[in-house]
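next come a sequence and a model predicted from it.
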Amino acid sequence: MKLALGQGAYQSRDIAANAQRCVNLYAEPNPPDAPFPTTHYPAPGLIRKATAPNNKPYRCLYRTRSTGELFAVCGTAVYQISSTWAFTQLGTMVSGAGIVSMCDNGFDLLIVDGTSAGYHIDLSTKVFTTVTDPNFYGANRVDYADTYFVLNRPGTQNWYISLTNEAVFNALDIASKTAAADNLRTVAAVNDYLVLIGDLTTEVWFNSGASDFTYQRITGVFIEHGINATYSLAKYESSLFWLSQNAQGQLIVLKYAGLQADRISTYAIEDAFRKYSTTSDAVGFCYQIGGHVFYQITFPTANATWVWDDATKLWHERQSLHSDGTFGRHLAHVGAFAFGVCLCGDYANGNLYQLDCDTYTDDGSPITYLRSFPHLQNEGKMVSYRTFIADLDSGDSANDQSPIASLRWSDDRGHTWGDAVQLPIGGPGQYDTSLQWWGLGIGRHRVFELSWAENFKTALNGAWVEASS
């Protein structure tokens, strides 16, 4: 019997229905004539590039669109980071925690943090100043469209724009979210449109060129979903992703594209969110690597990270080993693409990392890869399991490694598990190693789970099981 892996992380509300987990692995479809329909590859590991001088957690990473320069906020410090990973502090913010948003217009870099405060960097001189313009009201997020900075006014239905190609504001260049009475939480520029996301609803505006206020709402485009976690919003090209809520409920992940928003979370993922004590602190960012577009959303209070692969439309869990020896949320908190690599900043300290598909540790700490298999049963009859053979790539370990894989199984649909049984994966050059577990007992509702934590290239295609009733 072939066990193919066509689903992502899918531990259903009733574990008896499905107990599959996918941790630190992402799927990639294979050609039609391949032995298995998908192969699961290790999620990108982390290479430390530098550490911020103050060693404070990252609140923002931003690459300027015009000059390709990299800026960061760690604690209260605002830094420029060079291509040699040198940090230069440009200024200091009042707030020291919470997500920060940056955007540039080619001349100025504007910084907001969800308060009424704002900060400005002249990109030609790198002079840092506090915004004192009386017509600036702060924002949760700043974006750029049609030569204007675009910002929401926190705690209101209002949003406003700058003068063209300037970080200067006019008291008349302000408008309100009008289609519904909920407050505006955040704004984003997508394909020359402005997406205004409120507590419960979303509307879209376009640049009409009107002389009084250049933007107007697109009538007929109205999304009955707002945002649950303001900083869950992330953008990739012409798409937006966020954790939503509306007048009827909450905790659905949406993907916005083409003037509409579609649900991309599953019942199983939504049930996991429902059990978290806090979801409003969720933080999201996107990155593209190896042809896969990942939307990564972390729930700090819940200590959990989930990743949507927009290429395969599958979810998986992302975990890191923490300093206290436990596994929890992924280390990456914010991200940016700069100097030719995908970068992310640590949520707990000043470490700056590169996300790398050929790295199999998180800054030297082991990464545990785990994949559960579909439930096995035969019309409720007892089944004797003779062998489990994992199709796991092997042979790329170093000479001083003794790599192992662990298999455990449950005979009560995934409620409880037996002790793991370990086998060697295969030493250097042993590419044809066959991982075979024999004499696996009997069960009526069997679930297998395979895991390993090795610092070299691996890939999981699937498994074969020999069983009889």
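Yep, that arrived.

contacts only, for residue 232.
241-243, 282-284, 297 (Cβ atoms under 8 Å, 6 or more residues apart in numbering). Just so you know, the C-beta spots here come from the backbone N, C-alpha and C atoms, and that holds for glycine as well.

is residue 272 in a helix, a strand, or coil?
Applying DSSP: H, G, I helix; E, B strand; the rest coil to residue 272 yields a three-state assignment of helix.

what separates it from residue 314, distance-wise?
Distance, residue 272 to residue 314, by Cβ to Cβ, to the nearest Å: 15 Å.

please apply the same query to residue 51.
For residue 51, the distance to residue 314 equals 34 Å [Cβ to Cβ].

now swap in residue 172 and tell me
Remark: distance between residue 172 and residue 314 (Cβ to Cβ) = 48 Å.

cool, and residue 300?
24 Å.

compare these two (neighbour count), which wins?
Under the neighbour definition other Cβ atoms under 10 Å, residue 300 and residue 314 were set side by side, and residue 314 has more, 22 against 15.

give me the number of residues near the closest residue to that one other than its chain neighbours?
Closest residue to residue 314 apart from its sequence neighbours, by Cβ to Cβ, 6 or more residues apart in numbering: residue 8 at 3.3 Å. The number of residues packed near residue 8 is 25, by other Cβ under 10 Å.

the residue nearest the centre of the chain sits in which helix or strand?
In the chain, the C-alpha nearest the mean C-alpha coordinate belongs to residue 296, at 0.5 Å (Cα atoms, centre = their mean). Using DSSP states H and E, residue 296 maps to strand 292-299.

which elements pack onto that strand?
Here strand 292-299 touches strand 25-29, strand 234-236, strand 239-245, strand 283-289, strand 304-309, strand 332-338, going by 3 or more Cβ pairs under 8 Å, 6 or more residues apart in numbering; DSSP states H and E.

so of the ones you listed, which one's packed in deepest?
strand 239-245 (a mean of 24; mean count of other Cβ atoms under 10 Å).

any idea of the mean pLDDT for that one?
The average of the pLDDT scores along strand 239-245 is 98.

same thing with stretch 20-38?
The model assigns stretch 20-38 a mean pLDDT of 93.

show the end-to-end separation of that stretch, please.
15 Å (Cα to Cα, to the nearest Å).

cool, stretch 343-362 as well?
13 Å.

sheet partners, orientation included, of the helix or strand encompassing residue 222?
According to DSSP H and E, residue 222 maps onto strand 215-223. Next to strand 215-223 in the sheet, as set by DSSP bridges, lie strand 202-207 (antiparallel).

so how far is the partner strand off the chain centroid?
Between the centre of strand 202-207 and the centre of its chain there are 26 Å (Cα atoms, centre = their mean, to the nearest Å).

repeat for stretch 352-360
Distance of stretch 352-360 from its chain centroid, counting by Cα atoms, centre = their mean, is 15 Å.

quick one on the thing from earlier: redo the helices and strands packed on strand 292-299 as TSV? Include distance to residue 147.
Output for the helices and strands packed on strand 292-299, formatted as TSV (distance: least, Cβ to Cβ, whole Å):
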stretch	distance to residue 147
strand 25-29	38
strand 234-236	19
strand 239-245	21
strand 283-289	25
strand 304-309	33
strand 332-338	23
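
now do the buried residues in stretch 369-387.
369-376, 383, 385 (16 or more other Cβ atoms under 10 Å).

what's the farthest-apart pair in those residues?
Spatially, the most separated pair among the buried residues of stretch 369-387 is 369 and 383, at 27.1 Å (Cβ to Cβ).
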